[in-house]
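Asks: Next input, structure requested:
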Amino acid sequence: MRLIDTHTHLDFADFDDDRQQLLDNAQARGVERMVVLGVYQDNLQRVWDLACADPRVVAALGLHPVYLEQHRPEHLQQLRDWLERLRGDPRLCAVGEFGLDYYLPELDQARQQALFEAQLQMACDFALPSLLHVRRSHAQVIATLKRYKPARAGIIHAFAGSYEEAREYIKLGFKLGLGGAATWPQALRLRKTVARLPLESVVLETDSPDMAPAMFAGQRNSPEHLPQIAQVLAGLMGVETERLAEVSSRNACELFGW
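Replies: Residues are numbered from 1 along each chain as shown. Have a look, this model is predicted:
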């Protein structure tokens, strides 16, 4: 079984003690490639170093809305400089993680929107996919994507919206990132939505070290858990796990140009 984890934060300190062993374990379980995403200016170099050090890891670079207070105007220019410098390097796969987070009331929505649009423009300028954080902000994200019309779409990370919102993203060419959230039995609406999604619209992810699946409740999440996550998601979608692994991996490869 071949799997791709399209969303991790393997550069975080949570993995400093056993990162190499984790990568080896994940590969042994069929996870062939893992995307690690930047979230603020100070971790972009760390993300890139990880992608350079291990061929199983590829990098995305971006400024996450949750770290809004850490971002400075010059960080956008520095991100653009990174993208310019790495243009065409296969170890860079996307711009991300960026987007909108309306769940946390302390995050100024106007400042988030400006940060979102600046990075979306970079994704358009460099013809890179966008890896988007969208929390309680689907309508605004969809409206913004319709205005920008990026030639290369991307992924809606940890998708937990409605089926109608899923259809809007699919029309825009975006894939929906599915991970541990739908493994929880109490996630009734999400599980019903996942059951209706076409296989061609989904990619798999863990968001390691966060969003642990139900079978690893309270533990650090890891790409090592992706096979079990895939098994639960396949059951919800009414397909064999191997089929979901095959199609989701193909979707990721097409999206990233691998």
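Asks: What segments of the stretch 101-250 of the chain are helices?
Replies: 109-125, 138-148, 163-171, 188-196, 226-237, 241-256 (DSSP state H, counting those that start in this stretch).
Asks: now those helices as CSV including distance to Leu131?
Replies: C-betas here are computed from N, CA, C, even on glycine. Output for the helices of the stretch 101-250 of the chain, formatted as CSV (distance: least, Cβ to Cβ, whole Å):
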stretch, distance to Leu131
helix 109-125, 9
helix 138-148, 13
helix 163-171, 13
helix 188-196, 20
helix 226-237, 17
helix 241-256, 10
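Asks: Can you say which of these is nearest to Ile155?
Replies: helix 241-256 (7.0 Å; Cβ to Cβ).
Asks: So which bits of that closest one are buried?
Replies: Within helix 241-256, the residues that count as buried by 16 or more other Cβ atoms under 10 Å are 241, 244-252, 255-256.
Asks: Can I get these in TSV including distance to Tyr102 and pLDDT?
Replies: Output for the buried residues of helix 241-256, formatted as TSV (distance: Cβ to Cβ, whole Å; pLDDT from 0 to 100):
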residue	distance to Tyr102	pLDDT
Thr241	34	98
Leu244	30	98
Ala245	33	98
Glu246	35	98
Val247	31	98
Ser248	28	98
Ser249	32	98
Arg250	33	98
Asn251	27	98
Ala252	27	98
Leu255	26	98
Phe256	28	98
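Asks: tally of neighbours for the nearest residue in space to Ala151 that is not next to it in sequence?
Replies: Distance criterion Cβ to Cβ, 6 or more residues apart in numbering; nearest residue to Ala151, sequence neighbours excluded, is Ala127 at 6.3 Å. Using other Cβ atoms under 10 Å, Ala127 has 11 other residues around it.
Asks: tell me the phi and psi of Ala127?
Replies: Per-residue torsions, Ala127: phi 50, psi 50 (degrees, to the nearest 10).
Asks: and if you look at the one 10 residues further on?
Replies: Recorded main-chain torsions at Ser137 are phi -140, psi 30, according to degrees, to the nearest 10.
Asks: go on, Leu100?
Replies: Backbone torsions for Leu100, taken as degrees, to the nearest 10, come to phi -130, psi 140.
Asks: Quick one: residues contacting the nearest residue to it once chain neighbours are set aside.
Replies: Using Cβ to Cβ, 6+ apart and skipping residues adjacent in sequence, the residue nearest Leu100 is Ser137, 3.8 Å away. By Cβ atoms under 8 Å, 6 or more residues apart in numbering, the contact set of Ser137 is 99-102.
Asks: how about a cut-off of 10 Å?
Replies: Applying Cβ atoms under 10 Å, 6 or more residues apart in numbering to Ser137 gives the contacts 65, 99-103, 109, 112-113, 116, 144, 161.
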